[in-house]
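Q: Pasting a predicted model and its sequence here:
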Amino acid sequence: MTTSSSERAVSLGMPELPAPAYPDDVRARLERDAREVVARYPDSRSALLPLLHLVQSEEGHVTRTGMQFCADVLGLTTAEVTAVATFYTMYRRRPSGDYQVGICTNTLCAVMGGDAIFEELQEYLGVGNGETTDDGKVTLEHIECNAACDFAPVVMVNWEFFDNQTVESAKRLVDDLREGRTVSPTRGAPLCTFKETARILAGFPDERDGAVEASGSAGPASLVGLRLARGETAPARVVHPRDGGPHDEPRDGAVHEPSPSAHLSSHDAPQETSASDPAHPAGPTAEEGE
């Protein structure tokens, strides 16, 4: 059996056509912004990361056109640019939604309900990991730790924090995003679209009223190490070991129970089950050996 030349070309893989160019007005605008970005660095190639955010802010993901633009501006090969764009997960390689909804599924968030939230939202939205709803509003994904364990389980929307989530609160959140209702993060700057977020990450100022002044903070559990490093001491607290062995009593002989206000995060107060996933315990519900 013989194989035609066209079939051989398909089986071997045809060379990819060059990336289409940006329209002249778009390229001129991006070049102005790119010059501002590159000027921040003594070595121009160091500007690649923010430039990738810049081109992502144009189309909502990093296209071949965007990577060719970065290569042209910085004097790099497209292979060098592609190697960076494919390494970092914050750069999207295909069209995605106005709102990137990320569910932390690292250990603590997972056992506190993150796994349940992620599984439920996939079914609720009818999408898989990294997929976008038909209306183009929400892209769902599981994400790695965002250093907010004392607010577990954490959901992020365009890298803004939504703390202490449950299955139901997460469903309300995506409903509000899809309906265009005002959604406020638990802490940090007001929410904006993914394209707007990408431009801010490229290093351009957030010019929205009150956005710069908005701030957030870690919870008490995250700040314990910092306070100890500063020489600040908390009231002594007795934690009885499970085996009933000896333990240190506070110097004044009293047992100090923590005040309710000292436990503001979702996992500081022991619970038999996670509020997000009542069917799965968040931790041991019985003493060892029982």
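A: Done, it's in.
Q: Wasn't Arg40 part of a helix?
A: No. Checked against DSSP: H, G, I helix; E, B strand; the rest coil, Arg40 lies outside a helix; its state is coil.
Q: in what helix or strand does Phe161 lie?
A: Taking DSSP states H and E as the criterion, Phe161 maps to strand 160-162.
Q: ah, wrong one, I meant Tyr88
A: Applying DSSP H and E, one finds Tyr88 in no helix or strand.
Q: contacting residues for Leu51?
A: Leu51 makes contacts with Ala34, Val37, Val38, Phe69, Cys70, Val73, Leu74, Ala202, as judged by Cβ atoms under 8 Å, 6 or more residues apart in numbering. Yep, even glycine has a C-beta here, placed from its N, CA and C like the rest.
Q: Of those, which is the most crowded?
A: Cys70 (28 neighbours; other Cβ atoms under 10 Å).
Q: before we move on, what SS does that residue have?
A: With three-state DSSP as the basis, Cys70 sits in helix.
Q: in this structure, which helix or strand is least confident?
A: None of the helices or strands of the chain scores lower by mean pLDDT, DSSP states H and E than helix 5-12, at a mean of 51.
Q: picking that back up, biggest separation within the contacts of Leu51, which pair?
A: Farthest pair in these (Cβ to Cβ) is Leu74 and Ala202. Separation: 14.1 Å.
Q: So which residues of the stretch 1-150 of the chain form helices?
A: Assigned by DSSP state H, counting those that start in this stretch, the stretch 1-150 of the chain shows helices spanning 5-12, 24-38, 48-59, 64-74, 78-85, 107-109, 115-125.
Q: among these, which is nearest Thr193?
A: Minimum separation from Thr193 across the helices of the stretch 1-150 of the chain (Cβ to Cβ) falls at helix 48-59, 9.5 Å.
Q: ok and the closest one relative to helix 78-85, angle-wise?
A: With axes from the mean of the first three to the mean of the last three Cα atoms, to 10 degrees applied, the angle from helix 48-59 to helix 78-85 works out at 90 degrees.
Q: what about stretch 181-197, distance to the chain center?
A: Centroid separation between stretch 181-197 and its chain, computed with Cα atoms, centre = their mean, to the nearest Å, is 13 Å.
Q: All further residue positions should be reported with the first residue as 19.
A: Sure, I'll start numbering at 19, so the last one becomes stretch 199-215.
Q: and the end-to-end length of that stretch?
A: Chord length of stretch 199-215, first to last residue, is 18 Å (Cα to Cα, to the nearest Å).
Q: ok, and what's touching that stretch?
A: 74-76, 78, 114-118, 169, 175-182, 191, 194-195, 218, 224, 226, 228-230, 232-235.
Q: In strands only, show me those.
A: Members of the contacts of stretch 199-215 lying in strands (criterion: DSSP state E): Tyr117, Gln118, Val175, Glu178, Phe179, Phe180.
Q: Specify which member of the contacts of Leu69 is nearest to Ala103.
A: Within the contacts of Leu69, proximity to Ala103 (Cβ to Cβ) peaks at Cys88, which comes in at 8.2 Å.
Q: So for the protein, the centremost residue is which one?
A: For the chain, the residue nearest the mean C-alpha position is Trp177 (4.6 Å; Cα atoms, centre = their mean).
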